[in-house]
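In: Model the following, please.
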Amino acid sequence: MREKDIEMNRNDDSMKLLLSKMQRRLDTIHLGGGEKKIAKQHSKGKLTARERIDTLTDKDSDFFEIGAFAGYEMYKDHGGCPAGGVVAGIGLVKGRQCMIVANDATVKAGAWFPITGKKNLRAQEIAMENRLPIIYLVDSAGVYLPMQDEIFPDKEHFGRMFRNNAKLSSMGIPQIAAIMGSCVAGGAYLPIMSDEALIVEGTGSIFLAGPYLVKAAIGETVDKETLGGATTQSEISGVTDYKMPDDKTCLETIRDLVDKFGRFENAGFDRIEAKPPKADPEELFKHFPEDRAKPYDTYEILNRLVDDSKLTEYKKGYGKTITCAYARIDGWSVGIVANNRKVVKNKKGEMQFGGVIYSDSADKASRFIMNCNQKKIPLVFLHDVTGFMVGKRSEHGGIIKDGAKMVSAVSNSTVPKFSVVLGNSYGAGNYAMCGKAYDPRLIVAWPTAKIAVMGGAQAAKVLTQIQVSSSKSKGEEVDKEKEKELYDKIKNRYDEQTTPYYAAARLWVDAIINPKDTRKFISMGIEAANNAPVEKFNVGVIQT
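Out: Residues are numbered from 1 along each chain as shown. A predicted model of the protein is given here:
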């Protein structure tokens, strides 16, 4: 067997091992609070959050989950918070894409941790940007009181969700809420600020203060059902609109309601009949190197992602460390901005490192992004970038201004942007390639992704040098063994913080996906984005 074949098989095996590891972690997360808590939920006649979503969505349809790894390995002192205690994502209901948000009552009774709030706000943001109907399946004890200071009062905390309820309503985006368990305190506003609210008899309840707080506050003794159960809120107060006998009837009624929705005028993104890639997608893993320091042919990846493996490349011979091309993905017209990881020669015959953004590649990408906005073509960014080129020659050549041009173009872009982090996404390269701070409609990572200000080895070298210099300036001696110990400590910390799981836990990315699902993800995202109009693109001063 040739050496190249051996390397490709090694790449394939490496990716499959990473995916197996990811799936094992997801299997645990999908259990929520654990099998005992799930059994307790069933004993009350209730479905779990994931079972509710499965019942609500169309059979054999895909559910794109947002933030499955939210809270991963966080809150260990509080017993953990799998998936942030809430399941969210885009699913088909009666053939229509909807954002679905379901509290997981098996995780601390569905209480809101800080990451729960962030995840709910992200779900609402996606619904707003894409004018997607949003369905809330409510079953929550409210704010997680031991951490109330991190979830209650700030701009991006719990209260922002109700503000978003009102904004969604003013935009004409339908909101349906089903009260399928507890719904207390401030959380009671969410379903009632929605357009319509359903409540399940016997398990659903909604009130501003529960029986214990009512007793403590005004001395009144009242049971949960009388205070805010289904009969009370549907037949006495009129707070809810539909009283449902059980979870399944409730979910089927939501499906009936969604079936009657009108539709928005679409944005008009171009789509034709899809064609599969000519290059075999099953070989995708083989062309992505196990050794992340190795250069590779980015076109081998692109040819397995785009329809008919056809690219119309923009400025092909210029700014070669970024590939810009028009293509189709599942029939949709797209503009692709991808870091080229091969070592290339520029127009002067000088060698340029793959994965680094040089002045010419930044200039090319800026112009391409503006062209896509001019022609109403959604943008797809494929990250494998170590940052902008540094050094005297680059600074003298104006790398800062050229980099600022690219960041400005990404910032002002109004067509939908989708980011996929294949490998590295370091420093300002993350910004220029439309990282989370630059409002991608959706951003996902492959299991090979690394997101940080720089790589672990580079950071460790820099910080070690600084600390050693500081010690020497104080007259302290630092031997080689102590220096290595310091280097290893810093590198290990950085390596842990650059993993895709660390990023996904904090919602820097919406999901970690199987690379073979990249086409499906982009197509689903553009279909959602097609529900919302595209604003006029305005060129900032930095572009002139």
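
In: Glu535 touches Ser413, doesn't it?
Out: No - between Glu535 and Ser413 there is no contact under CB atoms under 8 Å: 10.1 Å. Where you see a C-beta, it was placed from the backbone N, CA and C, and this is true even at glycine.

In: More neighbours: the two, which one.
Out: Neighbours were counted for Glu535 and for Ser413 using other CB atoms under 10 Å; Ser413 has more, 20 against 9.

In: Now that one, what are its backbone angles?
Out: phi -60, psi 130 (degrees, to the nearest 10).

In: just the one 5 residues further on next, same as before
Out: The phi/psi pair for Phe418 (degrees, to the nearest 10) reads phi -130, psi 130.

In: and it, how many neighbours?
Out: 24.

In: And for the one 10 residues further on?
Out: For Ala428, the neighbour count with other CB under 10 Å is 19.

In: Beyond the helix or strand containing it, next helix or strand please.
Out: According to DSSP states H and E, Ala428 maps onto helix 427-432. Sequence order places strand 442-445 as the next helix or strand after helix 427-432, per DSSP H and E.

In: Parallel or antiparallel, list what pairs with the helix or strand just after that following strand.
Out: Once the chain leaves strand 442-445, the next helix or strand it forms, by DSSP H and E, is strand 450-452. Sheet pairing of strand 450-452 (DSSP bridges) gives strand 417-426 (parallel).

In: in the stretch 151-300 of the chain, which spans are helices?
Out: For the stretch 151-300 of the chain, the helices defined by DSSP state H, counting those that start in this stretch occupy 160-170, 189-192, 211-218, 224-228, 230-231, 247-259, 298-302.

In: follow-up on the earlier one: show me what the helix holding Ala428 is packed up against.
Out: strand 379-385, strand 387-388, helix 399-412 (3 or more CB pairs under 8 Å, 6 or more residues apart in numbering; DSSP states H and E).

In: for the first one, packing partners?
Out: Judged by 3+ CB pairs under 8 Å, 6+ apart, the packing partners of strand 379-385 are helix 298-302, strand 332-339, strand 417-426, helix 427-432.

In: for the longest one, same thing?
Out: On a contact count with 3+ CB pairs under 8 Å, 6+ apart, helix 399-412 meets helix 359-374, helix 427-432.

In: one step back: and the helix holding Ala428, what's its mean pLDDT?
Out: Average pLDDT, helix 427-432: 94.

In: Show me which residues of it are buried.
Out: In terms of neighbour count (16 or more other CB atoms under 10 Å), helix 427-432 has its buried residues at Gly427, Ala428, Gly429, Asn430, Tyr431, Ala432.

In: Who are the contact partners of the fourth one?
Out: If I follow you right, that is Asn430. Neighbouring residues of Asn430 by CB atoms under 8 Å, 6 or more residues apart in numbering: His383, Val385, Ile451.

In: Could you dump those into JSON lines with pLDDT, neighbour count and distance to Pro153 added?
Out: JSON lines is the format used below for the contacts of Asn430 (pLDDT from 0 to 100; neighbours: other CB atoms under 10 Å; distance: CB to CB, whole Å):
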{"residue": "His383", "pLDDT": "97", "neighbour count": "28", "distance to Pro153": "35"}
{"residue": "Val385", "pLDDT": "95", "neighbour count": "31", "distance to Pro153": "37"}
{"residue": "Ile451", "pLDDT": "94", "neighbour count": "24", "distance to Pro153": "29"}
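
In: With distance to Asp402 added, can I get those in a markdown table?
Out: As requested, those are exported to a markdown table (distance: CB to CB, whole Å):
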| residue | distance to Asp402 |
| --- | --- |
| His383 | 19 |
| Val385 | 15 |
| Ile451 | 23 |
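
In: Figure out which of the helices and strands packed on helix 399-412 is closest to Asp12.
Out: Checking those against Asp12 by CB to CB gives helix 427-432 as the closest, at 27.1 Å.

In: quick one: the closest one to chain centroid distance?
Out: Distance of helix 427-432 from the chain centroid (CA atoms, centre = their mean, to the nearest Å) equals 17 Å.

In: And for stretch 52-72?
Out: Taking CA atoms, centre = their mean, one finds stretch 52-72 lying 13 Å from the centre of the chain it belongs to.

In: Average pLDDT for it, rounded please.
Out: Stretch 52-72 shows a mean pLDDT of 97.

In: Give the buried residues for that stretch.
Out: Going by 16+ other CB under 10 Å, stretch 52-72 has these buried residues: 52-53, 55-57, 63-72.

In: if we take these, which one ends up nearest to Ala325?
Out: Phe64 (25.1 Å).

In: so the closest one bridges to which residues?
Out: Per DSSP bridges, residues listed as beta-bridge partners of Phe64: Ile90.

In: if I pick it, what's in contact with it?
Out: Gly89, Ile90, Gly91, Ala511, Phe521, Met524.

In: so which of those is the most crowded?
Out: Most neighbours among the contacts of Phe64, by other CB under 10 Å: Ile90, with 24 neighbours.

In: And it, how far from Ser523?
Out: 12 Å (CB to CB, to the nearest Å).

In: Next: Ala293.
Out: In terms of CB to CB, Ala293 sits 32 Å off from Ser523.

In: ok, the two, which is more surrounded?
Out: Ser523 (18 against 9).

In: separation between that one and Gly331?
Out: As for Ser523, its distance to Gly331 is 8 Å (criterion: CB to CB).
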